[in-house]
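>>> only geometry, no sequence info:
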């Protein structure tokens, strides 16, 4: 059985990948870089000493993977990835576990999502377990870069790019799969001396630009879901907001719906008349990223006793469409308790303010967005009780102080 | 006045680009490749001997451009272009002019569109005229690659990619601007011995996957508009169709509207009760590419006497929404005279069949698209009279046998 549409020598692609992955070659860097102290670098700027690289071509299938010194890739200028954006990626973190070894959080879920992205992007399939084994070896090799401070981690970026060297529009039957590693602190830095619970950001809810739509690719971890957001992000920053909250009016009559914030999934906590809380987050309808932190948070919220600090709070979780107007109404009624974002990069971050841009106001005027309303949850700055419970438990799980569902995987 | 959001040394970016462009360096290849005979290669596979490269970084601004041997680019694995698809491009063609010199077709329009793409992608601005001057020098240098046969050309691919080496999500303040050249024949090859007028293709009209959306970036020449179409394209090919015709139902009540075919803009010709023809093409509403061939074709159709073979035909041109259902209705009524695609790659190509996929039928079933109806214009295979008049005149203009509006630019 061959890979459809990838006319290379007939061999089960997974068996081939597993066979090649077992031939992992390691070429160590001759000199190692100095490891800068945590807090002295920005998210994603510093790369460790090594990277993992494999290539695929139709004649030879997958190459044996190589861990080698971090450095530039030689890419043909006509490559599919540069011309037509056949770029997929994952975001994973390794935290320092209690045994002094790095540990990953639900890495199988990242591998499964990368597989799904590869299939949708018509890039070659790979074996998830075999790739994960190579990644744990890379992380173990780079463990001197892992800061011991809680909340700090190694951010791991598996990437696959289409390298077919032709400008003819069509799928790439050549690919490069590589994994790079960068030491990171909190995505949104907190003021010195403040607890990580104090983290919070403001969002500008934008409907003039649309991140994704029904039948589009917003549900995949594609590079191409991100760059169209850079100009709106700059406009939001000019107005004093940290990130964009993407809205979508899919013409179903519900008006502008909340989707996600690009770097994270979104959740709002409403208080009912009886004092019970409802956590609402948009559903996985193909327009938002199926976040692994999102899934973890929902699972914890739905599992009785999983979040001790909320044991006396009645909480319902709803995955459903969330009109942005519902945030305004609840804000006005005083029932919008918390808003927070969840994602691998941020873990959990409080949202202290949502500016709602004048709907369609900027049409024909480029980026002259007017904020018509600012909505703030009553929890104010930092994380509210629900966000804090999730932050604490997710970090405990990621750093190996707690265990749930076999989610932690130690890199030996 | 600095470029907003690009914190490099303060200098008018255009003046800087012009100054740098005047320092063009040329490093010739030591050995030149053999030029294969036309007809022996596929569109976009063969690259000429040289390429043009410039780089931008926030400290130094634009580098002096260099024409140098074609070869791989060294790109950091964390580069914005590989991670977040900050890739923009243009497609231009140089044809052999009557004086034996290559000539370009409306290249200023390509430069203007590249500028607009750069601004929307938050990539650094450049001077359009100065870049065009560099490109004409590259084309003149590569003129031995230009086939003399009518309908053959050099396809020129200006590309700009974001090279900021960080995985932090945000605009790239580093960029590489490069231009590569490839000799090409007709995009859809005709059977041997048949006239180029015989070219025609079939399209599968798809609504399950959606290429672009109001508020999206379908109106820009972004690499990211193309790769999401590869899987649907493979599905269409399996069903025996050459290309996908992208539909869009944005909830305006008109049902699925025709947008474009990815590699070309779309037009249909309807015959009225009085025998007059109406050429209908979707409007530039931001969801389709503002094609230069599209604009040229519309201009010629609207200019009395510009298309001599149609001088006795009454023709109206309408840029308006085109529900796919209108194609079915006209097909049933026998009033669908022609359908054709227009674009730089194809010039004009007949569309002999449009399969309409069962609307939303594949939902939840992946790509199990069912064709419910095949619509064919009565002109059948090849180009009909309107498409043929456009093919002839556009090729005459591109190859310098006719002149209109100063559209032809000779590369000295």
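That came through, no problem. Remember, it's a predicted structure, so these values are computed and weren't measured experimentally.

>>> right, and residue A:399 touches residue A:96 too?
Yes. Contact criterion CB atoms under 8 Å: residue A:399 and residue A:96 qualify, at 6.7 Å. No exception for glycine: its C-beta is placed from N, CA and C like everyone else's.

>>> overlap in contacts of those two?
residue A:103 (CB atoms under 8 Å, 6 or more residues apart in numbering or on different chains).

>>> closest point of chain A to chain B, which residue?
residue A:251 (1.4 Å; CB to the nearest CB).

>>> confidence score at that residue?
With respect to pLDDT, residue A:251 scores 81.

>>> try the one 5 residues further on
Taken from the predicted model, the pLDDT recorded for residue A:256 is 93.

>>> any figure for the gap between residue A:384 and residue B:127?
Plainly put, residue A:384 is 51 Å away from residue B:127 if you go by CB to CB, to the nearest Å.

>>> brain fart, residue A:308
Distance from residue A:308 to residue B:127, by CB to CB: 63 Å.

>>> quick one, which of those two is more surrounded?
residue B:127 (21 against 11; other CB atoms under 10 Å in any protein chain shown).

>>> contacts only, for residue A:220.
A:88, A:116, A:117, A:120, A:121, A:289.

>>> please read the previous query as pertaining to residue A:122.
Per CB under 8 Å, 6+ apart, neighbours of residue A:122: A:5, A:86, A:171, A:172, B:227, B:230, B:231, B:234.

>>> which residues touch the second one?
The neighbourhood of residue A:86, defined by CB under 8 Å, 6+ apart, consists of A:80, A:121, A:122, A:123, A:161, A:162, A:171, A:172, B:227, B:230.

>>> grab the nearest non-local neighbour of the fifth one.
Closest residue to residue A:161 in three dimensions, ignoring its sequence neighbours and counting by CB to CB, 6 or more residues apart in numbering or on different chains: residue A:81, at 3.8 Å.

>>> ok, now which ones touch that neighbour?
Applying CB under 8 Å, 6+ apart to residue A:81 gives the contacts A:75, A:87, A:161, A:162, A:163, A:172, B:81, B:82, B:87.

>>> tabulate those residues (TSV), appending distance to residue B:54 and pLDDT.
Putting those into TSV (distance: CB to CB, whole Å; pLDDT from 0 to 100) gives the following:
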residue	distance to residue B:54	pLDDT
A:75	17	98
A:87	23	98
A:161	23	98
A:162	25	98
A:163	23	98
A:172	26	98
B:81	15	98
B:82	19	98
B:87	16	98
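
>>> the helices in the stretch 251-400 of chain A, which residues?
A:292-302, A:324-333, A:385-398 (DSSP state H, counting those that start in this stretch).

>>> residue A:378: which of the contacts of residue A:81 is nearest?
residue A:87 (40.9 Å; CB to CB).

>>> check contacts around that closest one.
Counting by CB under 8 Å, 6+ apart, residue A:87 touches A:81, A:159-162, A:222-224, B:81-85.

>>> that one bridge partners, please.
residue A:161 (DSSP bridges).

>>> against residue A:15, how distant is it?
27 Å.

>>> quick revisit: which of the contacts of residue A:87 sit farthest apart?
Using CB to CB, the two most remote members of the contacts of residue A:87 are A:162 and B:84, lying 15.3 Å apart.

>>> using the three-state scheme, assign residue A:211.
coil (DSSP: H, G, I helix; E, B strand; the rest coil).

>>> tell me how many other residues crowd it.
Using other CB under 10 Å, residue A:211 has 27 other residues around it.

>>> just the contacts of residue A:86 now: which is nearest residue B:354?
Proximity of these to residue B:354 (CB to CB) peaks at residue B:230, which lies at 20.3 Å.

>>> so what's the closest one up against?
Residue B:230 neighbours (CB under 8 Å, 6+ apart): A:84, A:86, A:121, A:122, A:170, A:171, A:172.

>>> if we go to 6 Å?
Applying CB atoms under 6 Å, 6 or more residues apart in numbering or on different chains, we find residue B:230 in contact with A:122, A:171.

>>> hang on, it in a helix?
Yes. Judged by three-state DSSP, residue B:230 forms part of a helix.

>>> which residues in the stretch 251-400 of chain A form strands?
Here the stretch 251-400 of chain A has its strands, by DSSP state E, counting those that start in this stretch, at A:257-258, A:265-271, A:277-281, A:315-319, A:336-343, A:347-357, A:371-375.

>>> distance to residue B:133 for those strands - can I get that in TSV?
Below are the strands of the stretch 251-400 of chain A laid out as TSV (distance: least, CB to CB, whole Å):
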stretch	distance to residue B:133
strand A:257-258	48
strand A:265-271	48
strand A:277-281	53
strand A:315-319	56
strand A:336-343	46
strand A:347-357	41
strand A:371-375	44
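
>>> can you lay out those as a markdown table showing distance to chain B and mean neighbour count?
Formatted as a markdown table, the strands of the stretch 251-400 of chain A follow (distance: least, CB to the nearest CB, whole Å; neighbours: other CB atoms under 10 Å in any protein chain shown):
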| stretch | distance to chain B | mean neighbour count |
| --- | --- | --- |
| strand A:257-258 | 12 | 24 |
| strand A:265-271 | 14 | 24 |
| strand A:277-281 | 21 | 21 |
| strand A:315-319 | 17 | 15 |
| strand A:336-343 | 11 | 26 |
| strand A:347-357 | 12 | 25 |
| strand A:371-375 | 18 | 16 |
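
>>> flag every residue of the stretch 51-200 of chain A that's near chain B.
A:72-78, A:82-87, A:122, A:157, A:161, A:166-169, A:171, A:178, A:180 (CB under 6 Å from any CB of the partner chain).

>>> mind running it again at 8 Å?
Within reach of chain B by CB under 8 Å from any CB of the partner chain, the stretch 51-200 of chain A has these residues: A:51, A:70, A:72-78, A:80-87, A:89, A:119-122, A:155, A:157, A:159, A:161-162, A:165-172, A:178, A:180, A:182.

>>> quick one, phi psi at the residue nearest to residue A:161?
Dihedral pair for residue A:81: phi -70, psi -30, per degrees, to the nearest 10.

>>> ok, residues contacting stretch A:291-306?
A:105-106, A:109-110, A:113, A:260, A:264-265, A:267, A:279, A:281, A:307, A:311, A:315, A:317, A:319, A:342-344, A:347-348, A:386, A:390, A:393-394, A:397, A:404-405, A:407.
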